[in-house]
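*Asks:* quick one, fold the following:
(one chain, ligands or ions: 1)
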Amino acid sequence: MSRNDQLFERASRTIPGGVNSPVRAFRSVGGTPRFIQRAHGPYVWDADDTRYIDYVGSWGPAILGHAHPEIVRVVQEAAVHGLSFGAPTEGEIEIAEVIAARLPSIEKVRLVSSGTEATMSAIRLARGHTGRNKIIKFEGCYHGHADSLLVKAGSGMLTFGNPTSSGVPEEFIRHTLVLNYNDLASVEAAFATHGDDIACIIVEPIAGNMNLVKPAAGFLEGLRTLCTRHGALLIFDEVMTGFRVGPQGVQGLTGITPDLTTLAKVIGGGMPVGAFGGRADIMDNVAPLGGVYQAGTLSGNPVAVAAGLATLELLAKPGFYEFLSRQSATLANGLTERARAAGVSFCADHVGGMFGLYFRDAVPTTLDEAADSDIETFKRFFHAMLDKGVYLAPSAFEAGFVSAAHDDAVIQETLDAAEQVFAQLKG
Ligand code: PMP
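*Replies:* Alright, predicted model coming up:
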């Protein structure tokens with residue numbers, strides 16, 4: 001029995017499903033999850049000391065590669081001065097200033113400890129600010145696990161075919177209008193019927209939780225126009241895309257200004273940090289200035305903030321995103337070429353340091369298209385790549401991530417492995 005097997009058996013006795021977040025369990029792909037003992041640069045090592053090229057990157061944060069020496073240094077330095085104070089620090093001001101300077105839509109920002117807290121708080125704020133109840137979200141988008149957002153969600157919920165969580169009261173679900181991503185007409189119709197009671201639209205401006213699905217031309221612009229017209233707030237959930245697809249997230253790529261933005265993952269550099277921010281007149285509704293309550297014992301944690309600040313500083317180096325985009329493009333195009341040469345129905349897409357792999361002939365533009373992939377072939381691909389030392393997301397519905405440590409040799413090693421695997425799949 002491998003050590004991974006032993007650990008999984010042991011974990012399953014005291015942890016539900018043996019994991020602390022569902023997709024980690026490998027349930028949809030089968031097999032034993034790899035228990036990670038250490039990571040460095042583009043690699044992770046499992047409990048059996050097998051090395052993998054990692055394209056999960058902690059689901060997004062590891063944009064500099066794992067255990068980047070500068071991040072480790074600032075974390076160690078911060079830890080020496082105390083792990084948590086529950087009082088304001090200068091570091092919190094610095095990271096707020098950096099975020100506000102980089103994302104012009106953000107005038108004020110509040111730190112939290114996860115993406116879930118960021119979206120949950122942003123929704124509460126939107127409701128408090130507008131005095132309205134309903135929210136619009138899109139099927140297949142995942143915004144963390146707050147009650148009103150666990151309706152027809154993506155990520156693990158889509159992976160396991162159970163997209164609406166049990167335990168969420170019917171009364172909550174009634175206030176969440178779920179529409180189709182990239183279908184502006186359905187949004188217009190929702191505003192025509194419920195316009196007076198819609199507090200906000202929350203959207204992944206590039207979706208990464210139903211595989212990678214990009215917004216259709218005019219979709220985000222349309223959401224902006226409709227929100228403005230009807231007095232609803234537009235929330236860009238950039239927890240995944242923020243500082244990942246480019247220096248200013250999707251708002252920078254598109255020039256569209258949301259009222260509120262949620263961030264997490266990259267801004268914590270691997271430590272638990274999330275944030276929600278936006279227009280000052282909206283943010284000033286948050287306690288202690290306003291009546292929308294939001295708080296956190298560990299919010300703005302000094303060690304996490306140090307990791308986040310150092311990460312954001314390194315991302316500002318000239319050429320950073322050009323390099324990241326080039327590596328993603330080489331990977332996505334290289335995989336597509338090799339699959340086509342082997343006669344496997346496959347395509348790939350990418351943006352900044354994010355990519356999608358699809359076992360179908362065309363890049364999907366909707367959830368239905370993303371779901372209409374050859375999942376069985378994906379599973380075989382996943383396991384065959386794992387056997388060759390490449391660790392991909394254990395789900396056909398998650399985006400993949402490239403880091404600055406994924407140099408040409410690492411990408412080439414991945415493509416060489418894939419070439420053999422595609423031939424195997426066809427054979
Ligand atoms: N929003 C988006 C777009 C996400 O991708 C995620 C996590 N994958 C979340 C929110 C929730 O973040 P967290 O897991 O940190 O709670």
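
*Asks:* near the ligand, which residues of the stretch 251-400 of the chain are found?
*Replies:* By Cβ under 6 Å from any ligand atom, the part of the stretch 251-400 of the chain that sits against the ligand consists of Ala264. Bear in mind the C-beta positions are built from the backbone N, C-alpha and C, glycine included.

*Asks:* contacts only, for Gly18.
*Replies:* Gly18 is in contact with Phe8, Ala11, Ser12, Ala25, Pro33, counting by Cβ atoms under 8 Å, 6 or more residues apart in numbering.

*Asks:* now, of the residues you listed, which are buried?
*Replies:* For the contacts of Gly18, a burial check counting by 16 or more other Cβ atoms under 10 Å picks out Phe8, Ala11, Ala25, Pro33.

*Asks:* how distant is the helix or strand of the chain with the lowest mean pLDDT from the center of its chain?
*Replies:* Within the chain, no helix or strand scores below helix 156-159, which has a mean of 72 by mean pLDDT, DSSP states H and E. Its chain's C-alpha centre lies 14 Å from the corresponding centre of helix 156-159 when counted by Cα atoms, centre = their mean, to the nearest Å.

*Asks:* dump the C-alpha coordinates for it into CSV.
*Replies:* These are the backbone C-alpha positions of helix 156-159, laid out as CSV (Å, rounded to 0.1, in the frame of the first residue of the first chain):
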residue,chain,number,x,y,z
GLY,A,156,-16.9,21.0,-6.9
MET,A,157,-20.7,21.3,-7.0
LEU,A,158,-20.7,21.0,-10.8
THR,A,159,-18.0,18.3,-10.6
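
*Asks:* if you count neighbours, what's buried in the helix or strand that comes right after that helix?
*Replies:* Once the chain leaves helix 156-159, the next helix or strand it forms, by DSSP states H and E, is helix 170-173. Residues of helix 170-173 classed as buried by neighbour count (16+ other Cβ under 10 Å): Ile173.

*Asks:* now do the biggest helix by length in the chain: distance to the chain's middle.
*Replies:* Counting residues, the longest helix in the chain under DSSP state H turns out to be helix 320-342. Helix 320-342 sits 20 Å away from the centroid of its parent chain (Cα atoms, centre = their mean).

*Asks:* so how far is the ligand from Val245?
*Replies:* Remark: distance between Val245 and the ligand (Cβ to the nearest ligand atom, to the nearest Å) = 12 Å.

*Asks:* actually Asp54, not the one I typed
*Replies:* The separation that Asp54 has from the ligand, given Cβ to the nearest ligand atom, amounts to 16 Å.

*Asks:* what segments of the chain are strands?
*Replies:* Using DSSP state E, the strands found in the chain span residues 36-40, 43-46, 51-54, 108-112, 134-138, 176-179, 198-203, 233-237, 260-263, 274-278, 347-351, 354-358, 390-391, 400-401.

*Asks:* okay, the ones you listed in TSV with mean pLDDT next?
*Replies:* What follows is the strands of the chain, written out as TSV (pLDDT from 0 to 100):
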stretch	mean pLDDT
strand 36-40	98
strand 43-46	98
strand 51-54	98
strand 108-112	98
strand 134-138	97
strand 176-179	95
strand 198-203	98
strand 233-237	98
strand 260-263	99
strand 274-278	98
strand 347-351	98
strand 354-358	98
strand 390-391	98
strand 400-401	98
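
*Asks:* quick check: which of those strands is nearest to Thr365?
*Replies:* Nearest to Thr365 among the strands of the chain is strand 347-351 (10.2 Å), distances taken as Cβ to Cβ.

*Asks:* mind listing the strands the closest one pairs with, and their directions?
*Replies:* Strand pairing for strand 347-351, using DSSP bridges, gives strand 354-358 (antiparallel).

*Asks:* in JSON lines: the strands of the chain, plus mean neighbour count and distance to Thr365.
*Replies:* Output for the strands of the chain, formatted as JSON lines (neighbours: other Cβ atoms under 10 Å; distance: least, Cβ to Cβ, whole Å):
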{"stretch": "strand 36-40", "mean neighbour count": "15", "distance to Thr365": "34"}
{"stretch": "strand 43-46", "mean neighbour count": "19", "distance to Thr365": "32"}
{"stretch": "strand 51-54", "mean neighbour count": "21", "distance to Thr365": "28"}
{"stretch": "strand 108-112", "mean neighbour count": "23", "distance to Thr365": "32"}
{"stretch": "strand 134-138", "mean neighbour count": "25", "distance to Thr365": "13"}
{"stretch": "strand 176-179", "mean neighbour count": "20", "distance to Thr365": "15"}
{"stretch": "strand 198-203", "mean neighbour count": "26", "distance to Thr365": "15"}
{"stretch": "strand 233-237", "mean neighbour count": "29", "distance to Thr365": "19"}
{"stretch": "strand 260-263", "mean neighbour count": "30", "distance to Thr365": "24"}
{"stretch": "strand 274-278", "mean neighbour count": "28", "distance to Thr365": "28"}
{"stretch": "strand 347-351", "mean neighbour count": "21", "distance to Thr365": "10"}
{"stretch": "strand 354-358", "mean neighbour count": "25", "distance to Thr365": "11"}
{"stretch": "strand 390-391", "mean neighbour count": "21", "distance to Thr365": "27"}
{"stretch": "strand 400-401", "mean neighbour count": "26", "distance to Thr365": "19"}
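
*Asks:* nearest to Arg3, out of those strands?
*Replies:* strand 43-46 (8.0 Å).

*Asks:* mind listing what Ala371 touches?
*Replies:* Leu158, Met210, Phe397.

*Asks:* of the residues you listed - the most surrounded one?
*Replies:* Of all these, the most densely surrounded is Met210 (31 neighbours; neighbours counted as other Cβ atoms under 10 Å).

*Asks:* read off the pLDDT value for Ala342.
*Replies:* According to the prediction, Ala342 has pLDDT 97.

*Asks:* count of neighbours near it?
*Replies:* By other Cβ under 10 Å, neighbour count at Ala342 equals 18.
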